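A.B. asks: Got a sequence here, can you build the structure:
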Amino acid sequence: MSQRGGGDPSWHIAGTKINKINSIQDFAACGMHLIKEGFVHESRLCAMGSSAGSLLVGAVVNMLPNLFSAAVLKVPFLDICNTMLDPTLPLTILDYEEFGDPNIPVEFDAIRSYSPYDNLSPGKCYPSILVTASFNDTRVGVWEAAKWVSKVRDVTCPSCSKSVVLKTNMQSGHFGEGGRFMRCEETAFEYAFLMKALGMDDMSAK
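C.D. replies: Below is the predicted model of the structure:
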């Protein structure tokens, strides 16, 4: 999720629209806290986001490219400016409540300030990232993942961008239709990617 949770509605509202950056900074702060307090080694922290949750992870990766050693972005919402400016898409109008209305200049500026697609860090080293997309996704266009991966490969560190992988399912939709066995296969692939990115696939390593 990209939303603040909890029982207090004001906590959620304080992380929406022009204040959406608060949700992103929260996530980054949690990651840094885990490292600082010794819950995870700085070279072992990974992140996983799905749909709008991928926007959260993608925004933090842009802000702090060294925070995560690897990440998985599933059916990711990454090109938020262009998507939110197209009211013909299924969720655009509904998403105004969470992210703001880009037709209002101040809200567009806020969205643009954290958009994962629009704020990639040129020349910076990015972590290993697996991006999964679904061709028949009616909620997040398959092009969002493709555009983002292409731009990462164009503008970030040429060596590191080789570890950014796009995997597109040509049959399923946003929710990974196909039954629990396909879901298990997808989860296994994601964790195998993370293990390889962290060097845990070498069984001879001590």
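A.B. asks: next SSE after the helix or strand of the chain with the lowest mean pLDDT?
C.D. replies: For the chain, the helix or strand with the lowest mean confidence is helix 9-13, at a mean of 84 (criterion: mean pLDDT, DSSP states H and E). Downstream of helix 9-13, the first helix or strand assigned by DSSP states H and E is helix 21-36.
A.B. asks: Only alpha carbons, please: show that next one as CSV.
C.D. replies: Coordinates of each C-alpha in helix 21-36 appear next as CSV, following Å, rounded to 0.1, in the frame of the first residue of the first chain:
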residue,chain,number,x,y,z
ILE,A,21,5.3,13.0,0.5
ASN,A,22,4.7,12.3,4.2
SER,A,23,3.8,8.7,3.4
ILE,A,24,7.0,8.3,1.3
GLN,A,25,9.2,9.8,3.9
ASP,A,26,7.6,7.5,6.5
PHE,A,27,8.6,4.5,4.5
ALA,A,28,12.2,5.8,4.1
ALA,A,29,12.4,6.5,7.8
CYS,A,30,11.2,3.0,8.7
GLY,A,31,13.9,1.5,6.5
MET,A,32,16.7,3.7,8.0
HIS,A,33,15.4,2.8,11.5
LEU,A,34,15.7,-0.9,10.8
ILE,A,35,19.3,-0.5,9.8
LYS,A,36,20.2,1.9,12.7
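A.B. asks: Tell me who's in contact with the residue nearest the centre of the chain.
C.D. replies: Nearest to the centroid of the C-alpha atoms of the chain, with distances taken as C-alpha atoms, centre = their mean, sits S54, at 2.3 Å. Contacts for S54 were tallied using C-beta atoms under 8 Å, 6 or more residues apart in numbering; they are L73, K74, V75, P76, F77, L78, P116. For every residue, glycine as well, the C-beta is placed using N, CA and C.
A.B. asks: Quickly find the element holding the nearest residue to the last one once chain neighbours are set aside.
C.D. replies: It stands for P116. Counting by C-beta to C-beta, 6 or more residues apart in numbering, P116 lies nearest to G58, which is 3.1 Å off, once chain neighbours are set aside. Here G58 sits within helix 52-63, counting by DSSP H and E.
A.B. asks: Kindly report the same for L130.
C.D. replies: Per DSSP H and E: strand 128-134 holds L130.
A.B. asks: And the average pLDDT for the helix or strand following that strand is what?
C.D. replies: Per DSSP H and E, strand 128-134 leads on to helix 142-155 as the next helix or strand towards the C-terminus. Mean pLDDT, helix 142-155: 94.
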